[in-house]
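1. My questions are about this predicted structure, shown below with the sequence.
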Amino acid sequence: MLEIIDHSSIREIRLARAPVNALDGELLRHLLDAIAAAQGRDALVITRQPGVFSAGVGEPAVLTLDHQGLVSVFSTLWHAQRAIATAPMPIVFGLTGHCPAGGTVLAIHGDYRVMARNVAGAGEFRVGLNEVQVGLFPGPVIAGAFSRLVGGHASQLLTRGALIDPATALRMGLVDELSDVADCASRALEVAHEFCALPREAMLRTRELTRRDLVGLFGDSAASDANAREFAEMGARMWHDPVTVERLKTLFRRKAAR
């Protein structure tokens, strides 16, 4: 599911669930465990091999889950978002390719995002939150984390369920820089080293100050569990909606035909 590589005080987590790192409950649980195990590291990098960062939660097997199974998946997704948002060290994402929906959901909670640029003849990378296209509602935490990065663009991007190219994502603030696909993971590691080279206390205090709005989206400790349950129940209900089921089946058929 994951490859763990230590670079001195920086830990790199590479998603490694073939073929497209679909974010099912198992991969998300492994990611949660890996983030917890990285406590004490100076920085964390989350990436994968070139081509596709993650195809998101959607995969045919998820459609076979019952209500409680879906609740478990969405609960784990919520906790993965919170773990990234509240991590005590900087987390840099190396978005090495296509990154729709769930992949973007994880990345918007990090500190910095390096994305691979499109190259002629190599396929079109896309990033964004396209949930509404299949009948899903992102909810206030995801919408808030997304809006924090793209500002006024959030209204039309979220409502249209738009997936955008890397250059547009950079212009709108969804990602922080672009690199060649072969260099994306290594550039993310360089950025992590840049964080670590700063005076530690000043960097961490400033990081905490600038991320309070993001952390605040999850609620205080008393409300956190209730918010997680609400998000998970909402996701499970929407996933079983007949319109969503039909749209997901159509999407999966198109992918299988490629």
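-> Structure received. Note that the structure is a prediction, hence the values are computed from the model and not measured.

2. Tell me the pLDDT of the closest residue to Glu131 other than its chain neighbours.
-> Once flanking residues are discounted, Glu131 sits nearest to Pro138: 5.3 Å by Cβ to Cβ, 6 or more residues apart in numbering. All C-beta spots, glycine's among them, are computed from the backbone N, C-alpha and C. Reported pLDDT at Pro138 in the predicted model: 93.

3. Let's verify the most centrally placed residue in the chain: helix, strand, or coil?
-> Centroid-nearest residue in the chain, with Cα atoms, centre = their mean: Leu106, separated by 1.8 Å. Secondary structure, DSSP: H, G, I helix; E, B strand; the rest coil: Leu106 is helix.

4. roughly how far is whichever strand or helix holds Arg11 from the heart of the chain?
-> Here Arg11 sits within strand 10-15, counting by DSSP states H and E. Here strand 10-15 shows a centroid-to-chain-centroid distance of 14 Å under the convention Cα atoms, centre = their mean, to the nearest Å.

5. Name the surrounding residues that touch that strand.
-> Residues outside strand 10-15 that contact it (Cβ atoms under 8 Å, 6 or more residues apart in numbering) are 1-6, 21, 27, 31, 34-35, 38, 41-49, 53-54, 185, 189, 192-193, 196.

6. Would you list the buried entries among those?
-> Among those, those buried by neighbour count (16 or more other Cβ atoms under 10 Å) are 1-2, 21, 27, 31, 34-35, 38, 41-49, 53-54, 185, 189, 192-193, 196.

7. got a list of what the closest residue to Gly135 other than its chain neighbours touches?
-> Nearest-residue entry for Gly135: Thr244, 3.7 Å, with adjacent residues in sequence omitted and distances by Cβ to Cβ, 6+ apart. Neighbouring residues of Thr244 by Cβ under 8 Å, 6+ apart: 134-136, 238.

8. rerun that using 10 Å as the cut-off
-> Taking Cβ atoms under 10 Å, 6 or more residues apart in numbering as the criterion, Thr244 is in contact with 63, 131, 134-136, 237-238.

9. Identify the residues contacting the residue of the chain positioned farthest from its centre.
-> Farthest-out residue of the chain from its mean C-alpha position, per Cα atoms, centre = their mean: Pro199, at 28.0 Å. Residues near Pro199 by Cβ under 10 Å, 6+ apart: 205-206.
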